[in-house]
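Chemist: model this:
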Amino acid sequence: MRTAAMGLAMALTLTPVAAAQVTLINVFEVPDGQVDQSIEAWEAARDFLSMQPGYISTSLHQSLSPDARFQLINIAQWETQEAFVAATRRMRQEGVFAPDEGLKMNPALYQVVRRDVGQ
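Modeler: Presented below is the predicted three-dimensional model:
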């Protein structure tokens, strides 16, 4: 009975969200010993992208576990998918982001479909 009540309570706090902004989630597989260089490359990209139309915010997360597959995760907010695509195209054309050899990125754009509003 308690499980059903908890499920109902969670369902009541999850609300549909209009798909206005997009979220970039980019997980990085960082070669051993290259975390600092990868962060520096991310900072150069951030500095460029933060000046582009449609940019809202970004944050870089580092794993607390040295054994994690993804040592760094970037989460960024953009006004639209088109703004993100145009900005990253400009960044590539200008050669702003030069990742180290072996750094594997896995970027994808997402839209929020549910949000927990908390209590």
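
Chemist: Give me the distance from the strand or helix carrying residue 83 to the chain's centre.
Modeler: Take DSSP states H and E as the rule and residue 83 turns out to sit in helix 81-93. Distance of helix 81-93 from its chain centroid, counting by C-alpha atoms, centre = their mean, to the nearest Å, is 15 Å.

Chemist: Check whether the residue most central in space within the chain sits in a helix, strand or coil.
Modeler: By C-alpha atoms, centre = their mean, the chain has its centre lying nearest to residue 75, at 1.9 Å. The three-state label given to residue 75 by DSSP: H, G, I helix; E, B strand; the rest coil is strand.

Chemist: quick one, what contacts it?
Modeler: Applying C-beta atoms under 8 Å, 6 or more residues apart in numbering, one finds that residue 75 lies in contact with 23-26, 58-59, 61. For glycine as for every other residue, the C-beta is placed from the backbone atoms N, C-alpha and C.

Chemist: Please pick the buried ones from the residues you listed.
Modeler: If you count burial by 16 or more other C-beta atoms under 10 Å, the buried members of those come out as 24, 26, 58.

Chemist: circling back: do me a favour and average the pLDDT over the helix holding residue 83.
Modeler: The average pLDDT within helix 81-93 is 95.

Chemist: before we move on, what about stretch 41-48?
Modeler: When pLDDT is averaged over stretch 41-48, the result is 95.

Chemist: List the buried residues for it?
Modeler: If you call a residue buried by 16+ other C-beta under 10 Å, then stretch 41-48 has these buried ones: 41-42, 45-46, 48.
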